[in-house]
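*Asks:* sequence and predicted model, in that order:
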Amino acid sequence: MTIDPLGGGTGSGAHVRLDMPEAPLDTMSDIERRVEMLLAGRAAEIECLGQASSGAGGSENSDLARAMHLLAAAHLSLGMTEIPRWRCQPGEAVNLLRLDPKAMAIVEADLARLAASALALVRGRRAEVEALADELLSRVTLSAAEVLAIIGAAAARTNGSPEGP
């Protein structure tokens, strides 16, 4: 995990890069967890700063744009919803939303539900989020083991138990 406080040329605010392997075949649950992860930075802003900044959206590489692309593809291309359908290639799905208000409403409802879920998760783990943010600001890059240790220690302090993951 690496933080670039200047946005890394993404057109957003601060940028956190998280290297994760892609799953060979995603389920809808996998897509939804990925969307929640993408919306977690925005959720942290709401929880810790009182409101979201423009950093989550804006550019086509933003977390919000990536979340919309994933959900649009799931609904309009990948056949992953109650009504399986294929209307276009996955990369074209978000553009099709502009022409289909019903599909847009469905995808936006999913996005709102997953944003609320991300906010609830951040609220429940605020101590861990703040500890991780503090470490990233001072060290810039953390390994997976370091992230887990920081989260474990913060959770232990919050729960009053001995430190450790």
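*Replies:* Everything's here; your move.

*Asks:* so where do the helices sit in this protein?
*Replies:* All helices of the chain, identified by DSSP state H, fall at 28-49, 63-76, 93-97, 101-124, 126-139, 144-159.

*Asks:* for those helices, give me CSV that also has mean pLDDT.
*Replies:* CSV is the format used below for the helices of the chain (pLDDT from 0 to 100):
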stretch, mean pLDDT
helix 28-49, 93
helix 63-76, 94
helix 93-97, 94
helix 101-124, 96
helix 126-139, 89
helix 144-159, 88
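
*Asks:* okay, now stretch 72-86: how far is its last residue from its first?
*Replies:* Taking Cα to Cα, to the nearest Å, stretch 72-86 runs 11 Å from one end to the other.

*Asks:* kindly report the same for stretch 91-108.
*Replies:* End-to-end distance for stretch 91-108, by Cα to Cα: 17 Å.

*Asks:* show me the contacts for the residue nearest in space to the middle of the chain.
*Replies:* Centroid-nearest residue in the chain, with Cα atoms, centre = their mean: Leu38, separated by 1.3 Å. Leu38 makes contact with Asp63, Leu64, Arg66, Ala67, Leu70, according to Cβ atoms under 8 Å, 6 or more residues apart in numbering. To be clear about C-beta, it is placed using only N, CA and C from the backbone, and glycine gets the same treatment.

*Asks:* can you rerun that using 6 Å?
*Replies:* Asp63, Arg66, Ala67 (Cβ atoms under 6 Å, 6 or more residues apart in numbering).

*Asks:* who touches the second one in this structure?
*Replies:* So that's Arg66. Leu38.

*Asks:* pull up the gap between it and Val94, please.
*Replies:* In this view, Arg66 and Val94 are 10 Å apart by Cβ to Cβ, to the nearest Å.

*Asks:* equivalent analysis for Ala118, please.
*Replies:* Relative to Val94, and taking Cβ to Cβ, Ala118 is found at 20 Å.

*Asks:* burial count for Asp134?
*Replies:* 12 (other Cβ atoms under 10 Å).

*Asks:* before we move on, what about Leu119?
*Replies:* For Leu119, the tally of surrounding residues (other Cβ under 10 Å) stands at 19.

*Asks:* cool, and Leu64?
*Replies:* 22.

*Asks:* still on that earlier bit, same list (the contacts of Leu38) but as a markdown table, adding distance to Ser77.
*Replies:* Listed next are the contacts of Leu38 as a markdown table, based on distance: Cβ to Cβ, whole Å:
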| residue | distance to Ser77 |
| --- | --- |
| Asp63 | 21 |
| Arg66 | 15 |
| Ala67 | 16 |
